[in-house]
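> have a look; sequence and predicted model below, questions after that.
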Amino acid sequence: MSPPAPTEADIVAALARVEQMLADGNAPPVVVSRVHRIAGLITDTLPRLRNLGQGSYDSYSVVATATDYLPEALGGYLRLPREWADTRPIDGYKTALMVLIDQLELLAATMDSILDAATRSDAQALIAHGHFLQAKFGHPTDGPDLALGPA
C-alpha cells in the first residue's frame, strides 16, 4: 500500500520547514527572496490544485517542489560553508550560490506557469458566464459588453 498523497496541511508544513531552514542557515537575502517567491506561488496555487486534476503532472510538481525539490536544493547549499559556497566556482565559473539561484529561478518560473494554468480555468469560467449572460439578457445589436438593462 502506498502512502497517502500529501494534504494541503502537509504542503504548508513543508514550506514552514523551508522557512526554518532559511532562518537556521542564515541564507543570504538573494536566496531568501527567491525562496519566498516560490513559497508564495505554491501557497497561491494550493486552493486551485483541484483545477489541475488529481494526479496530474502539474499537481505533482507543486507538491514535489514544496516537499522535495525546494528543500533539497536549499539544503545542499546551506550545508556548505558560506564563504566557500559564495566564492568558489564549482560548476565552470559558477559558485554554489549561482547554481542555487539558477535552480530557484527555474522552480519559480515553473510554479508561476502552474499557477497561471490553475487560475486559467477560473478565468475561463468567468468568460463562459459572461457569454451566458449576454445570450440570456443581451440584445442582438449589443457588442461584446454585457447589456443588462437601459442605461
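Here it is on my side, so go on. Numbers count the residues shown, from 1 in each chain.
> need the helices for the protein, in chain order.
8-24, 29-45, 49-52, 57-64, 70-78, 82-87, 96-137 (DSSP state H).
> which of these has the lowest mean pLDDT?
Note on those: helix 49-52 shows the lowest mean pLDDT, a mean of 81.
> still on that earlier bit, ok, which of the helices of the chain comes nearest residue 2?
Residue 2 sits nearest to helix 57-64 of all the helices of the chain, at 13.5 Å, using Cβ to Cβ. From N, CA and C alone the C-beta is placed, and that goes for glycine too.
> TSV for the helices of the chain, including mean neighbour count?
Formatted as TSV, the helices of the chain follow (neighbours: other Cβ atoms under 10 Å):
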stretch	mean neighbour count
helix 8-24	15
helix 29-45	18
helix 49-52	17
helix 57-64	17
helix 70-78	19
helix 82-87	13
helix 96-137	15
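> which one of those lies closest to residue 1?
Comparing the helices of the chain by Cβ to Cβ, helix 8-24 comes nearest, at 17.7 Å.
> name the helices or strands packed onto that closest one?
Counting contacts by 3 or more Cβ pairs under 8 Å, 6 or more residues apart in numbering; DSSP states H and E, helix 8-24 is packed against helix 29-45, helix 70-78.
> quick one on the thing from earlier: what would the helices of the chain look like in TSV with distance to residue 1?
Below are the helices of the chain laid out as TSV (distance: least, Cβ to Cβ, whole Å):
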stretch	distance to residue 1
helix 8-24	18
helix 29-45	27
helix 49-52	23
helix 57-64	19
helix 70-78	25
helix 82-87	41
helix 96-137	29
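> great, nothing more from me.
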